[in-house]
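Q: Build me a model:
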Amino acid sequence: MLISLIFVTFIVVLLAGRATQLQKNTSNPALAEPNPGIAPWNQYPNGQIPASKKPSTAANPPKSLFKTTAAFTNYRPRYEIAWADPSNYGQRYTKDVNGIALNNLPIIVLHETSNSAQSAINFFQTPHTEENVQASYHAMIKLDGTVIYTVPPGKRAFGAANSVFDSANGSESVKTNPNLPPSVNNFAYHVSLETPLDGWTDTEPIHSGYTDAQYYSLAWLIAQSDVPDDRITTHRLVDRSGTRIDPRSFDAQKFLNLLHKYRQVSGVNKVN
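A: Below you'll find the predicted structure:
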């Protein structure tokens, strides 16, 4: 009887330890974000960068620009959570270094990893004290279509250093650090595709391209936002360092076709 009791106690302790370890691996209390794998992220205070959707308590809740479709509902990619070290992301600012209020509408910037997704995760989870080394994306999409969440949408990921977004309103960029060039990071959501094996050298302008699963998951992820097509861009287009050419071999039309399959303009926003 005593031996049985000891054995049962050991099993309980072991299971509790496994549960604690799982929680440590998949959550970061400092981030305090709802599970991004099941919550859409088209709601964010003041209509800024998409965050996990929360019920609105306002008398007149904001209307979404887009609505997701049945095709969106029927597609559910796998997801992983691999939070970046806090040194590799920051807060979103309401004023720039000169104290000027910021009101940029959100953009989405598409990237590709330099090699494997796991390599990028390892880098993001390593503390970096030097500001010019710190880097992160909000999410990555593996070759098999798995979505990896690394920085919550409400935070500022360090995805594009010296960068400017050319919009219909002019050139948009924000200087938040007096020691670094201005960038789009303060109003950008950064998503990166895992590069194929033949793209692990960044000296070639093209590679074999991305998998169908990656395009489906990318469109599914972005369909949850209210960011319009003309504010979805690439690292190549916003870069001002002259060194970034990602995402290489990206089929923009294929992506947009899928995006339009997963989301449509809401009826209240259609122009007659």
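
Q: Please determine how far the closest residue to Ser249 other than its chain neighbours is located from Val265.
A: In this structure, Ser249 finds its nearest non-sequential neighbour in Gly209, 4.4 Å apart by C-beta to C-beta, 6 or more residues apart in numbering. Placement of C-beta: from N, CA and C, glycine included. To Val265, Gly209 is 29 Å away according to C-beta to C-beta, to the nearest Å.

Q: the more surrounded of those two?
A: Gly209 (18 against 14; other C-beta atoms under 10 Å).

Q: Who are the contact partners of that one?
A: Pro196, Ser249, Phe250, Asp251 (C-beta atoms under 8 Å, 6 or more residues apart in numbering).

Q: just the strands in the protein please.
A: Along the chain, the segments classed as strands by DSSP state E run 66-68, 79-81, 89-91, 107-112, 139-141, 147-149, 155-157, 165-167, 170-172, 188-193, 232-234, 263-265.

Q: just so I know, which of the ones you listed lies nearest Trp200?
A: When the strands of the chain are compared by C-beta to C-beta, strand 107-112 sits nearest Trp200, at 10.6 Å.

Q: Gln264 reaches Ala70, doesn't it?
A: No - the criterion here is C-beta atoms under 8 Å, and Gln264 misses it with Ala70 at 10.6 Å.

Q: Comparing those two, which shows the higher neighbour count?
A: Per other C-beta under 10 Å, whichever of Gln264 and Ala70 has more neighbours is Gln264, with 15 against 9.

Q: contacting residues around that one?
A: Phe66, Lys67, Thr69.

Q: Would you check that the first one makes contact with Gly267?
A: No - if you go by C-beta under 8 Å, Phe66 and Gly267 don't touch, sitting 10.8 Å apart.

Q: higher neighbour count, the two?
A: Neighbours per residue, other C-beta under 10 Å: of Phe66 and Gly267, the larger number sits with Phe66, 21 against 8.

Q: Who is the residue lying closest to that one once chain neighbours are set aside paired with across the strands?
A: Once flanking residues are discounted, Phe66 sits nearest to Arg263: 4.4 Å by C-beta to C-beta, 6+ apart. Bridge pairing for Arg263 (DSSP bridges) gives the partners Thr68.

Q: Now do the contacts for Arg263.
A: Phe66, Lys67, Thr68, Thr69, Phe72, Ala223, Gln224.

Q: and the gap between the last one and Asn74?
A: When C-beta to C-beta is applied, the distance between Gln224 and Asn74 equals 15 Å.

Q: Neighbour count for those two, which is higher?
A: Gln224 (23 against 8).

Q: if I read this right, the more buried one contacts Thr68, doesn't it?
A: Yes - if you go by C-beta under 8 Å, Gln224 and Thr68 touch, sitting 6.9 Å apart.

Q: give me the number of residues near the residue lying closest to Val164 once chain neighbours are set aside?
A: Nearest non-adjacent residue to Val164, counting by C-beta to C-beta, 6+ apart: Ser173, 4.4 Å away. Here the count is done by other C-beta under 10 Å, and Ser173 has 21 residues near it.

Q: Not counting its neighbours along the chain, what's nearest Ala82?
A: Per C-beta to C-beta, 6+ apart, closest to Ala82 is Ile121, 4.7 Å.

Q: so who does the residue nearest to Asp239 when sequence neighbours are not counted touch?
A: Excluding the flanking residues, the one nearest Asp239 by C-beta to C-beta, 6+ apart is Ser163, at 5.7 Å. By C-beta under 8 Å, 6+ apart, Ser163 lies in contact with Ser173, Pro182, Ser183, Val184, Asn185, His235, Val238, Asp239, Arg240.

Q: biggest separation within the residues you listed, which pair?
A: So, the contacts of Ser163 by C-beta to C-beta: farthest apart are Pro182 and His235, at 15.7 Å.
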